[in-house]
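Enquirer: what follows is a predicted protein model with its sequence.
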Amino acid sequence: MSGVRRIGLVLLAPVMAIVVAAIVTTLVLVIAGEDAGLFWETLATPPAARNIVNIINNASVLYLSGLAAAIGFRMNLFNIGVEGQYLMGAFFAAAAGGAVDLPEGIHVLFILLVAMTVGALWAGLAGLLKTSRGISEVISTIMLNAIATTGIVAWLSVAWREGGLSTNSGTKAIAESGHLFDLTRVVELFTRDIAGGRELSGVLLIAIIVGVWYHLLVNRSRFGFDLRASGYNPIAARVGGVPPKRMIMIAMLLSGAVAGLVGMVDILSRQHRYDQNFTPGLGFAGIAVALLGRNHPIGIAVGAMLFAFLDASSSILQITGSASREIIVIMQGLILLSSVIAYEFVRRIKEREEVRLASIAMEGVTA
């Protein structure tokens, strides 16, 4: 297969997914009586610099969430629990960070380590249940999500009552030494139009580092080979000396550790505490981003930017009255569904092409 044809097949699936999602979204808008032309005009309008900063901040956490899910996917584990893992990691990291007073830098590192450790342990519970009792990680992580969410809500409710019915109860605020550096000066090299006090969080740099680590671990290491082999064919991997239970535990622990970093924009850069304004739902969005990006670090980055852009556009649509913000949720779902179908379509094209090339090669050998 030529290089041009191979690149064409790689680009075919995402292009198909976006085109199909756009067509169906337009039909939904027309059926709902919305102005489809105004909707697409609003989406096509370049965002202001301050909105770009918000998009990048949101894309950073979506990227981390996608990487957390992708680690499990490469092991053929469906880690639904990224949501609970990042909520627990953020909650305990905020509580621990607010309870100590450490030197600058060390304080931030301490918060990050707590978040990763708690996230890893929460995911490790699902791994332990799977390896010791054979319980599906899908079931156990769904249950752990519910425990994490209701447990934190219960704590906030008690804190709300004991705090004199404060409208925004939460953990103790983290001292300034525990605030993560921002990258706003980097943005100001290109534009100073960053209104409203918006800052580009240093979590972007953390996301880039984790993305590079993920690529090297999965695609350039012996462990990554064992991980992928266990996911592709567990029986063959076991025969080859790869212990499946140990790989499951390590994969879940690594997935949970990365998931623990998802809430760090809120904890280290925005609110500096865990309260009722903490951003939920990033774990489930990360699963969609990982599926859209096919577990590839670059693909996940593109998916994270796309979802972050659409999330930012939903607010603009609401303000301008171009369409209801729910249409963005519909569009995100359509993109995900279309991408799954498109990737399967392209996979079958590749298989037919490989069979054709193998047939030609065999004919040349027997001639």
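Expert: Great, that's in hand.

Enquirer: sketch out the low-pLDDT regions of the stretch 251-367 of the chain for me.
Expert: Within the stretch 251-367 of the chain, the segments meeting pLDDT under 70 span 364-367.

Enquirer: at 90 what do you get?
Expert: The stretch 251-367 of the chain contains residues with pLDDT under 90 at 270, 275-277, 279-280, 288, 291-294, 311-367.

Enquirer: quick one, helices of it?
Expert: All helices of the stretch 251-367 of the chain, identified by DSSP state H, counting those that start in this stretch, fall at 264, 282-292, 297-320, 326-366.

Enquirer: please save the CA atoms from the third one in CSV.
Expert: Provided in CSV are the C-alpha atoms of helix 297-320 (Å, rounded to 0.1, in the frame of the first residue of the first chain):
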residue,chain,number,x,y,z
PRO,A,297,-1.7,10.8,21.8
ILE,A,298,-2.0,13.2,18.8
GLY,A,299,-5.5,11.9,18.0
ILE,A,300,-6.6,12.4,21.6
ALA,A,301,-5.2,16.0,21.5
VAL,A,302,-7.2,16.8,18.4
GLY,A,303,-10.3,15.3,20.0
ALA,A,304,-9.8,17.3,23.2
MET,A,305,-9.4,20.5,21.3
LEU,A,306,-12.5,19.8,19.3
PHE,A,307,-14.6,19.0,22.3
ALA,A,308,-13.2,22.0,24.2
PHE,A,309,-14.0,24.3,21.3
LEU,A,310,-17.6,23.0,21.1
ASP,A,311,-18.1,23.4,24.8
ALA,A,312,-16.9,27.0,24.6
SER,A,313,-19.2,27.5,21.6
SER,A,314,-22.2,26.4,23.5
SER,A,315,-22.0,29.4,25.8
ILE,A,316,-21.7,31.7,22.8
LEU,A,317,-24.7,30.1,21.1
GLN,A,318,-26.7,30.7,24.3
ILE,A,319,-25.7,34.3,24.5
THR,A,320,-26.3,35.1,20.8
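
Enquirer: tell me the angle of that helix relative to helix 282-292?
Expert: Orientation of helix 297-320 against helix 282-292 (axes from the mean of the first three to the mean of the last three CA atoms, to 10 degrees) gives an angle of 120 degrees.

Enquirer: packing partners of helix 297-320?
Expert: Using 3 or more CB pairs under 8 Å, 6 or more residues apart in numbering; DSSP states H and E, the elements in contact with helix 297-320 are helix 36-44, helix 49-74, helix 203-219, helix 282-292, helix 326-366. For the C-beta atoms, the positions are set from N, CA and C on the backbone; glycine is no exception.

Enquirer: tell me which of those lies nearest to Thr149.
Expert: Nearest to Thr149 among these is helix 282-292; the distance by CB to CB comes to 10.3 Å.

Enquirer: so which residues make contact with that closest one?
Expert: Outside of helix 282-292, the residues within contact range by CB atoms under 8 Å, 6 or more residues apart in numbering are 17, 61-70, 73, 80-87, 145, 259, 262-263, 299-300, 302-304, 306-307, 332, 335-336, 339-340.

Enquirer: now do stretch 207-222
Expert: Residues outside stretch 207-222 that contact it (CB under 8 Å, 6+ apart) are 60-61, 63-64, 67, 70-71, 74, 223-224, 227-228, 254, 258, 261, 297, 300-301.

Enquirer: switch to 7 Å and redo it
Expert: 60, 63-64, 67, 74, 223-224, 227-228, 258, 261, 297, 301 (CB atoms under 7 Å, 6 or more residues apart in numbering).

Enquirer: sorry, back to before: closest to Ala99 out of the helices and strands packed on helix 297-320?
Expert: Comparing the helices and strands packed on helix 297-320 against Ala99 with CB to CB, the closest turns out to be helix 203-219 (21.9 Å).

Enquirer: what's the offset of the closest one from the middle of its chain?
Expert: In terms of CA atoms, centre = their mean, to the nearest Å, the centre of helix 203-219 is found 13 Å from the chain centre.

Enquirer: and it, which residues are buried?
Expert: Under the neighbour-count criterion of 16 or more other CB atoms under 10 Å, helix 203-219 has Val203, Leu204, Ile206, Ala207, Val210, Gly211, Tyr214, His215, Val218 buried.

Enquirer: in a markdown table: these, plus pLDDT.
Expert: Listed next are these as a markdown table, based on pLDDT from 0 to 100:
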| residue | pLDDT |
| --- | --- |
| Val203 | 95 |
| Leu204 | 95 |
| Ile206 | 96 |
| Ala207 | 97 |
| Val210 | 97 |
| Gly211 | 97 |
| Tyr214 | 97 |
| His215 | 96 |
| Val218 | 92 |
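
Enquirer: picking up where we left off before, turn the helices and strands packed on helix 297-320 into a markdown table, including distance to Ala312.
Expert: As requested, the helices and strands packed on helix 297-320 are exported to a markdown table (distance: least, CB to CB, whole Å):
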| stretch | distance to Ala312 |
| --- | --- |
| helix 36-44 | 10 |
| helix 49-74 | 5 |
| helix 203-219 | 16 |
| helix 282-292 | 13 |
| helix 326-366 | 9 |
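
Enquirer: how about the ones you listed, which one is nearest Thr26?
Expert: helix 36-44 (4.9 Å).

Enquirer: which elements pack onto the closest one?
Expert: Helix 36-44 is packed against helix 3-31, helix 297-320, with contacts defined by 3 or more CB pairs under 7 Å, 6 or more residues apart in numbering; DSSP states H and E.

Enquirer: can you tell me the average pLDDT over the first one?
Expert: In other words, helix 3-31. The average pLDDT within helix 3-31 is 80.
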